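J.: Below are the sequence and a predicted model; questions follow.
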Amino acid sequence: MAFKRSEAVVEAAPLETLAAREVERRIIDGVRKYATNQANWSKADKNTPFLGNLIGMGIESANLVDITMSIERQFLTRMTHRVPLPEDPSKFRLEKGEPGPLMILEGQDIHAATPGLAVKMLMEAGHMPRDPGYLVDVVSFAYIVVVGEAYRLNDTLRRTLRKLPSAADPAARQEIAANVKTLVAQALSYAEALADPAAVARSRREAYHRERSELQGLEIQLEEVTAKLKDAALSDDTGATGRLRSQQVSLKLRLNANRTRLRVAEEVANHSGERIPVEEQKVADVRRLLLESAQEAEGALDPQAANA
Amino acid sequence: MIRRKGPFVGNDVVDRKSPLLAARAGDTEAVRSDWRARHLTENERRSLSASPMFWQIFAAKEAASKALAQAGVAVTPGAFRDFEVDLRGRRVRHVPTDLRAEIGLMETSAEAIHAVVLFPSAGGAGQGVRLAAGVAERPEDADASEAARDLLASLLANASGGGSPGRFAVSSVDGCPTVLESGERRDWSVSLSHAGRFVAACAVLP
């Protein structure tokens, strides 16, 4: 099984025979044509985000399906036997079967924001053996999100700051300066929050609990509607049955969406409190940038104070 | 912090002559067909008759996902089939929640497509909503993200009766763009997009 990438023909390889590092390399090679930031792509490692231009490969969110398909095209797996799900026979899970093309199920890759997290996803889905040695320095999805937000904030502060000297009109300068001040406050507050893993974990855990409460509320509503529907089915009131049935469908749809959101919130909450050394380093790097930008901005706003 | 007051806006621009558009869909007909299938619902596949329509549907889905994300609705990254677009009815449905959004603007030229989606639906083509939206060519060598922010600042300055666009800065909170005006954070829904040669921006104004 082969496909063409530019001039080269790439053979799909069985995942179970490949080392995690080789899978990572193939994943990075496969997304080259979607990377708008070739400089970042060329030095990408397991922890380089696919999306985003600042520290990522510059792939656009519109290309998420392309990333998934690029990964699928390159690998073969034994997880090919489709087992219908009891709650929804139109959906299925994959179990071991004959070797065949890799299929990443919808929603399975929502945390695969980097090549390393994509390899982790393949391991967790049973497509390749788990390799703790490889996973030890894969930055969690939680910290990809947290660190990415910090880089974007730093970028906004820097861009706004650059506009300050060119504003000749004092009123215009004052307006830009006011924006810079607000952004400095935001940057300092973010840098402070980053310094304390417990604070990061706390805020992310609160978000998780909010999501869980919403989900539980929906589950209770669904139970109630289902019970009412059983009673209504015994009566002749077809109007009430129809209304309840449509309410039940709508609640099931909302539950499905909330479960996805809860998975993301849970992943973020679970990992934001414990930092592995590579996460510590990435947090330290971006904190330093934020603090430097804030200091520079404060100096630009008040040169006398900065020189004192 | 996510704004809780609507309407919320999302936009997406497609550069129709970008070499990336052709590169994405794959080398063989089988891959192209699979690629399209992953972006369209059954109803959309049935309704699709012309090439620009695919990219209009695509842009409307991207725009809708941004509008719903601003409202705090869970949108799964890359799950294009979670959105069903009815171009004729100017509606977008988020299938998992059955929430409805409306297409406030769909500009199509030989060069680009720009879709703007409002959530919740405001009752037909953005009636009653003060919408500012625009597309511009990205200046050569300009950073796309910066060019989109500059366009938004110009749109906001024009919409508010003039003055310097420099008083606006576009930051982001929880992944959603937010506007600062002379240091004050504004509770306006705004959206940015860039693709190939184009940048686009839109805002719902008070």
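T.: Yes, it's here.
J.: Pull out the buried residues from the longest strand along chain B.
T.: Determined from DSSP state E, the single longest strand within chain B is strand B:99-108. Going by neighbour count (16 or more other C-beta atoms under 10 Å in any protein chain shown), the buried part of strand B:99-108 is B:99, B:101-108. Heads up, the C-betas are built off the backbone N, CA and C, glycines and all.
J.: the helices in chain B, which residues?
T.: Applying DSSP state H to chain B gives helices spanning B:19-24, B:29-37, B:42-47, B:51-70, B:144-159.
J.: With the stretch 1-150 of chain A instead?
T.: Here the stretch 1-150 of chain A has its helices, by DSSP state H, counting those that start in this stretch, at A:20-30, A:38-42, A:64-74, A:115-124, A:132-135, A:141-163.
J.: if we can go back for a sec, is it possible to get the helices of chain B out as CSV so that each row also shows mean neighbour count, mean pLDDT and distance to B:R138?
T.: CSV is the format used below for the helices of chain B (neighbours: other C-beta atoms under 10 Å in any protein chain shown; pLDDT from 0 to 100; distance: least, C-beta to C-beta, whole Å):
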stretch, mean neighbour count, mean pLDDT, distance to B:R138
helix B:19-24, 14, 70, 14
helix B:29-37, 13, 82, 26
helix B:42-47, 13, 86, 30
helix B:51-70, 24, 90, 17
helix B:144-159, 20, 93, 5
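J.: Can I get these in CSV including distance to chain A?
T.: Formatted as CSV, the helices of chain B follow (distance: least, C-beta to the nearest C-beta, whole Å):
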stretch, distance to chain A
helix B:19-24, 5
helix B:29-37, 6
helix B:42-47, 11
helix B:51-70, 6
helix B:144-159, 6
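J.: ok so, going back, name every strand pairing with the longest strand of chain B and say which way it goes.
T.: With DSSP bridges as the test, strand B:99-108 is paired with strand B:91-94 (antiparallel), strand B:112-119 (antiparallel).
J.: How far off centre is it?
T.: Taking C-alpha atoms, centre = their mean, to the nearest Å, one finds strand B:99-108 lying 9 Å from the centre of the chain it belongs to.
J.: Taking helix B:51-70 as reference, get the angle to that strand.
T.: Interaxial angle, strand B:99-108 versus helix B:51-70 (axes from the mean of the first three to the mean of the last three C-alpha atoms, to 10 degrees): 140 degrees.
J.: residues in contact with strand B:99-108?
T.: B:9, B:52, B:56, B:59-60, B:63-64, B:67-68, B:73, B:85, B:87, B:90-94, B:113-126, B:129, B:131, B:133, B:135, B:202 (C-beta atoms under 8 Å, 6 or more residues apart in numbering or on different chains).
J.: In the stretch 1-150 of chain A, what residue comes closest to chain B?
T.: Using C-beta to the nearest C-beta, A:L64 is the residue of the stretch 1-150 of chain A that sits closest to chain B, at 3.2 Å.
J.: A:R162 and B:D86: what is the separation?
T.: Separation of A:R162 from B:D86 (C-beta to C-beta, to the nearest Å): 44 Å.
J.: Next: A:A39.
T.: In terms of C-beta to C-beta, A:A39 sits 41 Å off from B:D86.
J.: Comparing those two, which residue is more hemmed in?
T.: Under the criterion of other C-beta atoms under 10 Å in any protein chain shown, the comparison of A:A39 against B:D86 puts B:D86 first, with 17 against 10.
J.: Please name the residues that touch the more buried one.
T.: B:D86 neighbours (C-beta under 8 Å, 6+ apart): B:47, B:92-93.
J.: B:D12: neighbouring residues, count only.
T.: Residues contacting B:D12 under the criterion other C-beta under 10 Å number 29.
J.: does it really touch B:A112, like I thought?
T.: No. Contact criterion C-beta atoms under 8 Å: B:D12 and B:A112 do not qualify, at 10.6 Å.
J.: That's all I had, so thanks and see you.
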